[in-house]
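J.: Any chance you can model this:
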Amino acid sequence: MRRQLTTKERKYLQEIEDAAFAINETGRLMTNDIAAYRFFNDIGDRFGIDEDTFLNLRRQYETLKDPVLKQQALDESLSRRRRGHRKLKLDSTLWKFIVEAIRCLWSPEQISKRLKQSTPDDDTMNISHTTIYSTIRALPKGELKKDLLSCLRHENKKRKAKGEPKKDSILQEIKTIHDRPKEVEERKILGHWEADLIKGKDNKSAVATLVERNTRLCILAVLPDAKAESVRLALTEAMAYLPSELRKTLTYDRGREMAEYKILEKDLGIEVYFCDPHSPWQRGTNENMNGLIRQYLPKGVDLSPATQEYLNKLLCL
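T.: This is a model prediction of the structure:
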């Protein structure tokens, strides 16, 4: 397998050029068959460079001698720097499949995994989700880019922290996420949950979401409102049927609706931990699940008509 020259090897070649030969003389050595092998033996013995690597070096030099090839190589290099090593061509079958899948509300992660499962031996049909995101962002402004971005669950928006966190006198003596047992991060033991609220139009209606970190089991709970007592009762009812071994910890954000968390801890025998202010990525599993659920409970919609039966059916989709 051909390898690239190391910095040390390239420095040695430069020393040869500076001390022993002018650049043209070195080039003639490298392009002359007899002298080239003598040159190769010297470099190869010293650094263990194989013949393929040396011949590739010769081809690079021959390219630099031709002004047309040299300019072409420079253009290709600059193009790669601007757009990265993108292998996704917009006229390919792969891209057409990706466009249709995104329009069907598949995420780039789902597309990437499905392609790996269905075509494991076909490199032309395998691609990472980051390349899909990069390709969509690199599209010129137009209807296609707008259409694809609107189909992404978060519309490819970046997280933004707005200002300093407000002091909240309601949540006192809390345990932060940094106090959680290390086993929570490892995701090897069942019973560690993340929770949040999905709010409806004008924040007047809400649905509670709970996700178990190991199994990704999701529970949805209907709420009459987003008040602290309602949230506590809904979470208690949703988790009460679970065995105590599956109720170890619950991670939540700094929302005021968790003001009765101490009562919740006592009723369920669970430890509640709070994320840092404006840090939703610390509940990444729950945030990703919320993105999935938002496809069926979009923002700006009144969630009060949603019944528990409807939410249970939603989880089976």
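J.: what number of residues lie near the residue nearest to residue 119 when sequence neighbours are not counted?
T.: Leaving out its chain neighbours, the residue that sits closest to residue 119 by C-beta to C-beta, 6 or more residues apart in numbering is residue 125, at 4.2 Å. No exception for glycine: its C-beta is placed from N, CA and C like everyone else's. Residue 125 has 15 neighbours, counted by other C-beta atoms under 10 Å.
J.: Model confidence for residue 125, exactly?
T.: pLDDT, residue 125: 84.
J.: Dihedrals phi and psi, it?
T.: Main-chain dihedrals, residue 125, degrees, to the nearest 10: phi -110, psi 20.
J.: before we move on, what about the one 3 residues further on?
T.: Geometry field for residue 128 lists phi and psi as phi -80, psi 160, criterion degrees, to the nearest 10.
J.: Same question for residue 271.
T.: phi -100, psi 130.
J.: Could you pull up the contacting residues of it?
T.: 175, 248, 249, 250, 265 (C-beta atoms under 8 Å, 6 or more residues apart in numbering).
J.: element containing the fourth one?
T.: Using DSSP states H and E, residue 250 sits in strand 249-252.
J.: and that strand, how far from the chain's centre?
T.: In terms of C-alpha atoms, centre = their mean, to the nearest Å, the centre of strand 249-252 is set 23 Å apart from its chain centre.
J.: now do stretch 201-210
T.: On C-alpha atoms, centre = their mean, the centre of stretch 201-210 falls 26 Å from that of its chain.
J.: Span of that stretch from start to end?
T.: Length of stretch 201-210, first residue to last, C-alpha to C-alpha, to the nearest Å: 21 Å.
J.: residue boundaries of the helices in this protein?
T.: Counting by DSSP state H, the segments of the chain that form helices are 7-19, 23-31, 33-47, 51-65, 67-83, 93-103, 108-118, 129-138, 143-151, 182-186, 228-239, 261-268, 284-293, 308-314.
J.: what's in contact with the last one?
T.: Meaning helix 308-314. 207, 220, 221, 222, 293, 296, 297.
J.: How about stretch 233-246?
T.: The contact list for stretch 233-246, computed with C-beta under 8 Å, 6+ apart, reads 190-191, 193, 195, 208, 210, 212, 219, 221-223, 247, 250, 264, 267-270.
J.: And the contacts of helix 308-314, which two are furthest apart?
T.: 221 and 296 (15.6 Å; C-beta to C-beta).
J.: Who has more neighbours out of those two?
T.: residue 221 (22 against 13).
J.: That one and residue 208 touch, don't they?
T.: Yes: the pair residue 221 / residue 208 is scored as a contact, 4.1 Å apart, by C-beta atoms under 8 Å.
J.: still on that earlier bit, and the contacts of stretch 233-246, which of them are in strands?
T.: Among the contacts of stretch 233-246, DSSP state E puts 193, 195, 208, 210, 212, 219, 221, 222, 223, 250 in strands.
J.: ok, residue 206 - how many residues close by?
T.: Counted with other C-beta under 10 Å, the neighbours of residue 206 add up to 25.
J.: Could I get the contacting residues of it?
T.: Contacts for residue 206 were tallied using C-beta under 8 Å, 6+ apart; they are 197, 198, 199, 200, 223, 225, 226, 303.
J.: Check the residues you listed for burial and list the buried ones.
T.: Burial by neighbour count, 16 or more other C-beta atoms under 10 Å: within those this picks out 197, 198, 199, 200, 223, 226, 303.
J.: Specify which member of those is nearest to residue 102.
T.: Of the buried ones among the contacts of residue 206, the one sitting nearest to residue 102 (C-beta to C-beta) turns out to be residue 198, at 22.7 Å.
J.: Tell me what that closest one is bridged to.
T.: Partner residues in beta bridges with residue 198, using DSSP bridges, are residue 207.
J.: and the gap between the spatially most central residue of the chain and residue 185?
T.: The centre of the chain sits closest to residue 130, judged by C-alpha atoms, centre = their mean, with a distance of 6.8 Å. As judged by C-beta to C-beta, to the nearest Å, residue 130 and residue 185 stand 23 Å apart.
J.: thinking again about what came up before, tell me which two in the contacts of residue 271 are the farthest apart.
T.: Across the contacts of residue 271 (C-beta to C-beta), the longest gap, 13.2 Å, separates 175 and 248.
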